[in-house]
Structures are given as C-alpha cells and as structure tokens.
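S.K.: could you look at this predicted model? Sequence included:
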Amino acid sequence: MQVERAKGVYLYTRDGKKILDAISSWWVNLHGHANPRIAAAIAEQARKLEHVIIAGFTHDAAEELARRLRKWVMPQLTHLFFSDDGSTAVEVALKMAVQHFSNQGRGEKREIVALEHGYHGDTAGAMSVSDDSPFTEPFAAMRYPVHRVHAAYCYRCPVGLKRETCHIECVGQLETLLAERGEKIAAVIVEPLLQGAGGMIVHPAEFLQKARALCTKHDVLLIADEVLTGFGRTGKMFACDIAGVTPDLMCLSKGITGGFLPMGVTLCTDRVEAAFGSEDRRHTFYHGHSYTGNALACAAANASLQIFDDEPVFDRIATITRIHGERLLQLRQYAVVGDTRQIGSIGALELRAEDAGYLSAMRPKLYQFFLERGVLLRPLGNVVYVLPPYVIEPEELHRVYDVITEAVEALF
Ligand SMILES: Cc1ncc(COP(=O)(O)O)c(C=O)c1O
C-alpha cells in the first residue's frame, strides 16, 4: 500500500484510504505522524548542519541530546554511544560488554545469556541473542552460541506454576547458570518487563529485579534492551524505572526521534566505560557507522524530548492505559481469548490457537480483517496487540478495540 502522507494517527494512501496506525509504524511513532514541532526542528537543523563525522568531532545537537538523555536516565548511566538503529544499539552493547572484560585481561569472560522469546534485532549479533524464530531460522549457521534461559512468560509458565502463588521460580535457571559459569559470562541481555516481538509478554518486575541481583552477585553485566520499552511506552520513561533497576548498559532506539529518523544509543556506567580509558589504543572501542550521531536525527530527538517537557505526554499515556484495561477486560469473556496483557501504552490479547506462534494461520486473516476496516494492526501470530502513538484520542482507541472485538466475534 502506498502512503502519500500521514497526520497524527492516520496514514493516507495514494488510492484514497485513511488508515489508523494502531502500531505506531513498528513502534517508533510517539507524538503523531508529521508532528509539526519535530518536522520544524529537522528543517532548521538541516539549514545549519546536516551531518558531520562523529569521530574526533561533535556538534551542538548531539551534545544537547546527551544532556537531555542524562536528565531522564538513571544517574549511573553516565556515558553514551551513538549508532543507527535498535539492532546496532544492541550490537554495541554486546561488543562493549565483551571488550570491557577483555581490556582487563579477562578475555575468557565473553559468553552471553539471553532469554527465551527474546528479540533484539536482525543483524547477526542481535539475531544470535534473539530466540529461535522464523526470523532467524535460515541463518542458524551465522548465529554465535548463547546461553538461553527461561523468561517470565506467566501465561505459559516455563516451570508450570501460577503467578498468584509463585515466587518467580522461572529465574532459577539463570541463577544456576550464573552460579556454575559466571566466570565465563560477560553479560545477560533482557528486554525489561516487556518482550515485544516474542509476543508482547509482560514480565513481573521481580523477574528483572532478581536478574539484576544475580548479575551483580556474579560480576556479570546486565544489558537492558529498551529499544521498544523506552520513551514512555511502559508508563514510565524507561521500563527499568518501574522495577527500580539500573542496568550496566542500556539500548535505546525506535521512539528516540519520535519516529522521524533512525538512531540508536547505548548508554553505560562509569565502571563499564573505565575499561576503555587506557592509553593502549588496542583498548579503544572500534565501532562506528557512517551516519552515527547524525545531526538531523539528534534534532528530531531533541524536539521529541522537548515535547515530553512541554506537553502532557504521560497523561496521554495514562488515558491509553486506562482504555486498554477496560477493553481487554471485556475481551476476556470470549472463549478464544486465552490471555490479556498490558503495560503502559501497550495492550495485547493472546488468542487460543492450535498453531500458536508467529506463523499461526490466524495472522493473515486478522491482518486483512483489520486493514479492510481501516486499522493497521499486525498481529504477532495469534497475539493481537495495540501500541498506538500517544496522541491517539480515546474514541479512536475505542474504535480500534471495536474492530478487534468484531474480529473475535466474526472470525472465531
Ligand atoms: C527490543 C528490540 N530490540 C531491538 C530491536 C531492533 O531494532 P531495529 O529494528 O531498529 O534494528 C527491536 C525491533 O523491533 C526490538 O523490539
């Protein structure tokens, strides 16, 4: 479908259709399409400086962004490294974690732990830490080995317990692994509180808190991939804020520019950075992309963060959260709805399916059904989720849920 223009939550196609973008165009858009404040900031920046090599040079927009981000992130995350998107922000974090130890003469501490159902991007390293899926299957030989441990997928509890009575026993696998192999492990990477592409799986905050404590105990770095969850998506600026957890490295992208331009940022603590501070040039972190720290992307990010300062963004998110809650509760009454999950601006329902998973036959039917009714929703197999731009009006969000309810009644 060819999109000619967009405004707010709507996409306008060349053949005259108006489509409500209920997934923020792959989770990037925060303040509406063609937001005039961000558009103006990019235009102004383009007249001043469009781009400059970020090695050995810097520029006002990048420095301003560093200042703004430091205002929002946990105070321990003092250093930041620019890259191009979510996948590269993850690659940077993984490489930094490994080199952090090798620079200290601990090259044996280089293994990575990742979670079941995790998704961290499509480049080779990010694919390696992502769980096996149709996205990774053809590339099995290109993926390096990682340790994979249980995630807190309560609806399909990996240790067969019930959330109401459990004590997060699912973290036990990570506990055992770190106790046995901590000497060889550099980092644990997680999507904090919400695993996105794996099925919009919401974790109890205790899972993240316990993972943090285990990493600290075994001198293993915790990487929080906040590529999806960052910038208010979970109801606070970052998911880690909800759990009161400070990671050693944090990956940001997607919403960082309000959905206008690609950009990745990896933040780290003084402790992680200190290993790179030596005079020995072999200890340099040799990682750079041509467009890293692009001035237009920085200007967009600064404008987006200014909107957080000036406009009632978190009130908008709270309204979305309330409507998710009301409408998901109603949807639970349908037999085909196995589970409902929500956190902040994200609401999801997992439908019962014989062929549950990304390739479920439900998916194409649902996608088409929604599109025919002017709503863009891209179910993850049998999981339908709503992840709208924050500027969506209550009646627009209700319309999205009306269409989902219609689908649940008509198709199953
Ligand atoms: C948690 C997470 N990490 C990383 C990525 C990769 O980001 P990108 O598509 O910008 O490379 C994604 C993309 O969906 C993601 O959800």
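M.R.: Structure received.

S.K.: please count neighbours and contacts with C-alpha atoms only from this point.
M.R.: OK.

S.K.: contacting residues for the residue most central in space within the chain?
M.R.: For the chain, the residue nearest the mean C-alpha position is Leu228 (1.8 Å; Cα atoms, centre = their mean). With Cα atoms under 8 Å, 6 or more residues apart in numbering as the criterion, the residues that contact Leu228 are 27, 196, 252-255.

S.K.: narrow those residues to those that are buried.
M.R.: Among these, the ones that count as buried by 16 or more other Cα atoms under 10 Å are 27, 196, 252-255.

S.K.: check these against the ligand, which are close?
M.R.: The subset of the buried ones among the contacts of Leu228 lying close to the ligand, counting by Cα under 6 Å from any ligand atom, consists of 196, 254.

S.K.: among the buried ones among the contacts of Leu228, which lie within strands?
M.R.: Leu252 (DSSP state E).

S.K.: which of the buried ones among the contacts of Leu228 sits closest to Ile19?
M.R.: Using Cα to Cα, Trp27 comes nearest to Ile19 of those, at 15.9 Å.

S.K.: would you tell me what helix or strand Ala6 is located in?
M.R.: Here Ala6, judged by DSSP states H and E, is contained in strand 3-7.

S.K.: same check, this time on Ile242
M.R.: Ile242 belongs to helix 239-243 when assigned by DSSP H and E.

S.K.: and that helix, how far out from the chain middle?
M.R.: 13 Å (Cα atoms, centre = their mean, to the nearest Å).

S.K.: now do stretch 289-301
M.R.: Centroid displacement of stretch 289-301 relative to its chain, using Cα atoms, centre = their mean, is 19 Å.

S.K.: what does it rub up against?
M.R.: Identification of contacts with stretch 289-301 by Cα under 8 Å, 6+ apart yields 38-39, 41-42, 45-46, 49-54, 59, 61-62, 65, 82-84, 256-258, 260-263.

S.K.: just the buried members of those?
M.R.: Neighbour counting by 16+ other Cα under 10 Å classes 38, 41-42, 45, 51, 53-54, 59, 61-62, 65, 82-84, 256-258, 260-263 among these as buried.

S.K.: still on that earlier bit, buried residues, the strand holding Ala6. List them.
M.R.: Ala6.

S.K.: and for stretch 74-84?
M.R.: Buried residues in stretch 74-84 (16+ other Cα under 10 Å): 74, 77-78, 80-84.

S.K.: of all those residues, which comes closest to Val159?
M.R.: Looking at the buried residues of stretch 74-84 and their distance to Val159, the nearest is Met74, at 32.7 Å (Cα to Cα).

S.K.: name the element that closest one belongs to?
M.R.: Per DSSP H and E, there is no helix or strand for Met74.

S.K.: got the contact list for it?
M.R.: Shown in contact with Met74 (Cα under 8 Å, 6+ apart): 241, 246.

S.K.: so it versus Tyr119, what's the distance?
M.R.: Separation of Met74 from Tyr119 (Cα to Cα, to the nearest Å): 24 Å.

S.K.: same deal with Met250?
M.R.: Taking Cα to Cα, one finds Met250 at 15 Å from Tyr119.

S.K.: which one's more surrounded, these two?
M.R.: Met250 (29 against 26; other Cα atoms under 10 Å).

S.K.: so which strand or helix has the more buried one?
M.R.: Short version, using DSSP H and E: Met250 is in strand 249-252.

S.K.: what lines up beside that strand in the sheet?
M.R.: Here strand 249-252 has these sheet partners by DSSP bridges: strand 221-225 (parallel), strand 264-268 (antiparallel).

S.K.: and Val9, how close does it get to the ligand?
M.R.: Look at Val9 and the ligand: by Cα to the nearest ligand atom, to the nearest Å, they are 20 Å apart.

S.K.: can you count the residues close to that residue?
M.R.: By the criterion of other Cα under 10 Å, Val9 has 26 neighbours.

S.K.: quick one: contacts for it?
M.R.: Counting by Cα under 8 Å, 6+ apart, Val9 touches 20-22, 24, 32-33, 388-389, 391-392.

S.K.: ramachandran angles for it?
M.R.: Reported as degrees, to the nearest 10, the phi and psi values for Val9 are phi -100, psi 0.

S.K.: can you pull out the helices in the stretch 101-250 of the chain?
M.R.: Applying DSSP state H, counting those that start in this stretch to the stretch 101-250 of the chain gives helices spanning 124-129, 172-181, 205-217, 239-243.

S.K.: return the most buried member of the ones you listed.
M.R.: Most buried of the helices of the stretch 101-250 of the chain, by mean neighbour count (mean count of other Cα atoms under 10 Å): helix 124-129, with a mean of 23.

S.K.: dump stretch 161-180 to PDB, restricted to CA.
M.R.: What follows is stretch 161-180, C-alpha atoms only, in PDB (Å, rounded to 0.1, in the frame of the first residue of the first chain):
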ATOM      1  CA  LEU A 161       3.400 -22.500  38.200                       C
ATOM      2  CA  LYS A 162       0.700 -19.900  38.700                       C
ATOM      3  CA  ARG A 163       1.600 -16.200  39.000                       C
ATOM      4  CA  GLU A 164      -0.700 -15.700  42.000                       C
ATOM      5  CA  THR A 165       1.200 -18.200  44.100                       C
ATOM      6  CA  CYS A 166       4.700 -18.300  42.500                       C
ATOM      7  CA  HIS A 167       7.900 -16.700  43.700                       C
ATOM      8  CA  ILE A 168       9.400 -16.100  40.300                       C
ATOM      9  CA  GLU A 169      10.900 -19.600  40.200                       C
ATOM     10  CA  CYS A 170      11.500 -19.200  36.500                       C
ATOM     11  CA  VAL A 171      14.600 -17.100  37.300                       C
ATOM     12  CA  GLY A 172      16.100 -20.200  38.800                       C
ATOM     13  CA  GLN A 173      17.700 -21.300  35.500                       C
ATOM     14  CA  LEU A 174      19.600 -18.000  35.300                       C
ATOM     15  CA  GLU A 175      20.600 -18.400  38.900                       C
ATOM     16  CA  THR A 176      22.000 -21.900  38.300                       C
ATOM     17  CA  LEU A 177      23.800 -20.900  35.100                       C
ATOM     18  CA  LEU A 178      25.500 -17.800  36.700                       C
ATOM     19  CA  ALA A 179      26.500 -19.800  39.700                       C
ATOM     20  CA  GLU A 180      28.100 -22.500  37.500                       C
END
